[in-house]
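[1] here's a sequence, model it:
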Amino acid sequence: MSAPVRFVITVDEAWVATLSGGGVTGAKPRPLGDLGARQAWDAELEAIADRKTRSAAEIAAFGKALFDLLVGPDWWREILAAAARASSVRLELALSWSPARFAVTRLPWELMHDGTDF
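    Okay, here's the model as predicted:
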């Protein structure tokens, strides 16, 4: 089996994300706003952590919100195209935060959902 194509999303202190690696070219930086101050995440995180009643659809919707915020459809197309150019069926997405943005590591990024899959 071939090695995965590796992509890195880096978020700086100004809440601007950049995409690199995997042969991606021309991906424009994405301003995220103050992700760490988004109060709406807190209730969802608490419910997921406490395993309160959440349907699969609600969890997928939360994952889609995470995906859209960090990756978005434009970067996802770039990632898939780069993986196809590398003839790879596997990809690795690494997330990197400025130390000043450490608080966002508590978000369950593994729940990111592209609208079809986690």
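
[2] in stretch 81-88, what counts as buried?
    Buried residues in stretch 81-88, defined by neighbour count with 16 or more other Cβ atoms under 10 Å: 82-83, 86, 88. For glycine as for every other residue, the C-beta is placed from the backbone atoms N, C-alpha and C.

[3] closest to Ile9 out of these?
    When these are ranked by distance to Ile9 (Cβ to Cβ), Ala82 comes first, at 13.4 Å.

[4] next, give phi and psi for the closest one.
    For Ala82, the backbone dihedrals are phi -60, psi -40 (criterion: degrees, to the nearest 10).

[5] is it true that it touches Ser20?
    No. When contacts are counted by Cβ atoms under 8 Å, Ala82 is not listed as touching Ser20 (10.7 Å).

[6] next, show the common contact partners of these two.
    By Cβ atoms under 8 Å, 6 or more residues apart in numbering, Ala82 and Ser20 have these common neighbours: Phe7.

[7] mind listing the helices for this protein?
    With DSSP state H as the definition, the chain shows helices at residue ranges 39-49, 56-70, 72-85.

[8] next, the angle from the last one to helix 56-70.
    The directions of helix 72-85 and helix 56-70 differ by 80 degrees, with axes from the mean of the first three to the mean of the last three Cα atoms, to 10 degrees as the criterion.

[9] what's helix 72-85 in contact with?
    The contact list for helix 72-85 (Cβ under 8 Å, 6+ apart) reads 5, 7, 9, 19, 22-24, 26-28, 30, 67, 71, 89-91, 93, 114.

[10] how far off centre is it?
    Averaged C-alpha coordinates place helix 72-85 at 13 Å from its chain's average position (Cα atoms, centre = their mean, to the nearest Å).

[11] same deal with the second one?
    Relative to its chain's centre, helix 56-70 lies at 10 Å (Cα atoms, centre = their mean).

[12] that'll do, ta.
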